[in-house]
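Asker: please find the sequence and the predicted model below.
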Amino acid sequence: MKPKWVDHLAKAWDAFFEDLFSFIPEESRKHLRNARKEVLLAMKTALEKRIEELEKEEKQEVKKIQVERS
């Protein structure tokens, strides 16, 4: 289940940019919305990659080797 704050943050993010760019023509706003989406997708893939790396680190097993002295 997604926490409520995530929805609130997403709505605030959208409202902020809508107000910020309200003076810009609609065609330009479409490009800006698409650019925002691309930035978010870039962040998503970077986070997913890092999560995968962390999960690999957790799965790595440490092997102990006994060393015999001569």
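Answerer: Arrived safely.
Asker: contacts, neighbours, all on C-alpha from now
Answerer: Noted.
Asker: from K2, how far off is H8?
Answerer: H8 sits 11 Å away from K2 when distances are taken as Cα to Cα, to the nearest Å.
Asker: more neighbours: the two, which one.
Answerer: Summary of the neighbour comparison: H8 and K2, criterion other Cα atoms under 10 Å, with H8 having more neighbours (11 against 6).
Asker: so where does that one fall, helix or strand?
Answerer: With the criterion set as DSSP states H and E, the secondary-structure element containing H8 is helix 4-20.
Asker: just how off-centre is the helix or strand hosting E58 within its chain?
Answerer: Assigning secondary structure by DSSP H and E places E58 in helix 26-59. Helix 26-59 has its C-alpha centroid displaced from the chain centroid by 5 Å (Cα atoms, centre = their mean, to the nearest Å).
Asker: run the angle between it and helix 4-20 for me.
Answerer: Relative orientation of helix 26-59 with respect to helix 4-20: 150 degrees, computed using axes from the mean of the first three to the mean of the last three Cα atoms, to 10 degrees.
Asker: give the buried residues for helix 26-59.
Answerer: Of the residues in helix 26-59, 29, 32 count as buried by neighbour count, 16 or more other Cα atoms under 10 Å.
Asker: and the average pLDDT for that helix is what?
Answerer: In this model, helix 26-59 has an average pLDDT of 90.
Asker: quick one: the residue sitting nearest the centre point of the chain and K56, what's the gap?
Answerer: For the chain, the residue lying nearest the average C-alpha position, counting by Cα atoms, centre = their mean, turns out to be K44 (3.1 Å). K44 sits 18 Å away from K56, going by Cα to Cα.
Asker: R50 too?
Answerer: Separation of R50 from K56 (Cα to Cα) stands at 10 Å.
Asker: gap between the helix holding H8 and the chain center?
Answerer: Here helix 4-20 shows a centroid-to-chain-centroid distance of 16 Å under the convention Cα atoms, centre = their mean.
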